[in-house]
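Peer 1: Need coordinates for the below:
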Amino acid sequence: MKTLITNIQELLQIRDASIKKVSGAEMKLLPTIKNAYLLLEDDCIADFGSMENCPNLTADVTIDATGKVVLPTWCDSHTHIVYAGNRVLEFVDRINGLSYEEIANRGGGILNSAKKLNETTEEELYNQSKVRLEEVMQQGTGAVEIKSGYGLTVEGELKMLRVIKRLSQNYPIKIKATFLGAHAFPIEYKDNHSGYIDLIINEMLPKIATENLADYIDAFCETGYFSVEETERIMEAGKKYGLIAKIHVNQFNAINGIAACVKHNALSVDHLEVVTDEDIAVLKNSETMPVALPSCSYFISIPYTPARRMLDAGLPLALATDFNPGTTPSGNMNFVVATACIKMKMTPEEALNAATINGAYAMGISNTHGSITIGKKANIIISKEVTSYYQLPYAFGTNLIEQVIIEGKRIQ
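Peer 2: I've put the predicted structure just below:
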C-alpha cells in the first residue's frame, strides 16, 4: 500500500536517522522542506523531497496537501490513560480552595483512583481506556507511554498492565508500558513503607516480568510519597528485571531526586515544575531526558517547568500530557504544544521538537518515531489549510488537524 502526499506547503521535522534528540540551541531549529512530497509505503516512510525533484511515482492513494503542513505524529511519553471512573468532584474541591496535598490527605487523589480501579473488572477497564486511546490518536498522537499505578495491589497493578498490553495488541499506535506500583502508599502501608516496597519488589515485579508486561519502571519521588532512598531501591529492583527508570520527580519540591535518577541512568525525569541550578548541572552531563507536563500545571495551578532556563543552559526537553483522572484529564498534545509556547515561552520550533523527536527519545523509540526519516514509521499529521505551522500553537482552541495516519493507516 503506497500513499503519496503532494504539494505539501511545508514538511516539518526532516531528520537524519542518526539524530536521536536535540538539546539547547539546537531545539530552536526545525528542519523543513517547502512545497514538498512524502511517500508512505505500508507502515514506513519511503521517500520525501521537494516537488520540483519529485520522481514519477505511482501510488494507491494520492493526497493533495496544498496549503497544508505535514509533520510527524506526537510522541506522548508520559500518560496514565488506563484508569477507572473519574475525579470530577476533586476538580470542584480545588476550585473551592483545597490543594492537591489536602485532597490526598483526606483519601482523594491517587488512593481514590486506586479504590475505583480495584472495584472495576479488567474488561470494563479496557473498555473505558480504549475510548481515551482512540481519542488521543485522533488528536495526532502516534506513540504513547502508559503507566500503571492506580492498582497499588498485586492484582490491581497486573490488571492495569494487562489492559495496556491488550491495547498495544489491538491498536496500530506504538505503546510503551511503565510499571508504577510506587505511585503512592496504600492506606494499610501508610506507616510501613518498607513493607509496601517489599511487596513491589518481591511479588509484583516477578509476576510482571513473567508475563512480560512492562518496559519501564517509575516511582513518585516526592515529599509525602516516595523518598529519594525509597525511589533508588525501586530503580535498583527494576534493573534486575531489565526495566529502565522513568521517574516522577520535582513536581512540588526539589529533594535531590534528579541526581539519584541520573546516577541510575534513568531514561527520563518527568514533571520538573521545581528545578534548581544543581539539578540543571546534573542533567547537563547525562543522557536523561527532562520531560515537562504543562497541561498538569495549567489544570492544578502549579508553576510551569522553567523551560527557558533549562534550554538556555543547553538541556534537551520533551513535552507530554500526563493524561490522568486527577491532575490532567486530557491527552491533547496540541494543547500541550500551545501551552508550552504560551506559558513556558518556548518557541514553536522548540515545542514541536519537544513533542516529537525528544518525546520519542523519552520513550526509547527514537529509531522508529519522532521525525520524517526514511525507514521510520508512517506516522504523520496532515493539517487543515494554515498560513504557517505557527498557527498550530497560536490557534490553541481550534482543531487544525485534517488527517492522522499511524503506521500507514488513516485514523481520521
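Peer 1: The spatially most central residue of the chain: what's its closest spatial neighbour, skipping adjacent residues?
Peer 2: With distances taken as CA atoms, centre = their mean, residue 77 lies nearest the centre of the chain, 2.2 Å away. In this structure, residue 77 finds its nearest non-sequential neighbour in residue 362, 3.7 Å apart by CB to CB, 6 or more residues apart in numbering. The C-beta positions use only the backbone N, C-alpha and C, and glycine is treated the same way.
Peer 1: for the residue of the chain most remote from its centre, helix, strand, or coil?
Peer 2: Ranked by distance from the centre of the chain (CA atoms, centre = their mean), the top residue is residue 56, with 38.4 Å. Following DSSP: H, G, I helix; E, B strand; the rest coil, we place residue 56 in the coil state.
Peer 1: Any figure for the gap between it and residue 50?
Peer 2: For residue 56, the distance to residue 50 equals 15 Å [CB to CB, to the nearest Å].
Peer 1: for residue 332, same thing?
Peer 2: From residue 332 to residue 50 the distance is 32 Å (CB to CB).
Peer 1: before we move on, what about residue 286?
Peer 2: With distances taken as CB to CB, residue 286 is found 38 Å from residue 50.
Peer 1: higher neighbour count, the two?
Peer 2: residue 286 (17 against 13; other CB atoms under 10 Å).
Peer 1: How confident was the prediction at that one?
Peer 2: On the pLDDT scale, residue 286 is placed at 97.
Peer 1: Next: residue 116.
Peer 2: 94.
Peer 1: That one contacts residue 85, correct?
Peer 2: Yes. Under the criterion of CB atoms under 8 Å, residue 116 makes contact with residue 85 at 4.3 Å.
Peer 1: and the strand or helix carrying residue 352, average pLDDT?
Peer 2: Element membership for residue 352 (DSSP states H and E) is helix 348-355. Across helix 348-355, the average pLDDT comes to 98.
Peer 1: Pull the residues that contact that helix.
Peer 2: Surrounding helix 348-355, the residues in contact under the criterion CB atoms under 8 Å, 6 or more residues apart in numbering are 12-13, 22, 27-30, 71, 74-75, 292, 307, 311, 317-319, 333, 336-338, 340-341, 346, 389-390, 392-393.
Peer 1: Buried ones among the residues you listed?
Peer 2: Taking 16 or more other CB atoms under 10 Å as the criterion, what is buried in these is 12-13, 22, 27, 30, 71, 74-75, 292, 307, 311, 317-319, 333, 336-338, 340-341, 346, 389, 392-393.
Peer 1: quick one, what contacts residue 357?
Peer 2: Neighbour list for residue 357: 13, 15, 19-22, 72, 75, 366, 370-371 [criterion: CB under 8 Å, 6+ apart].
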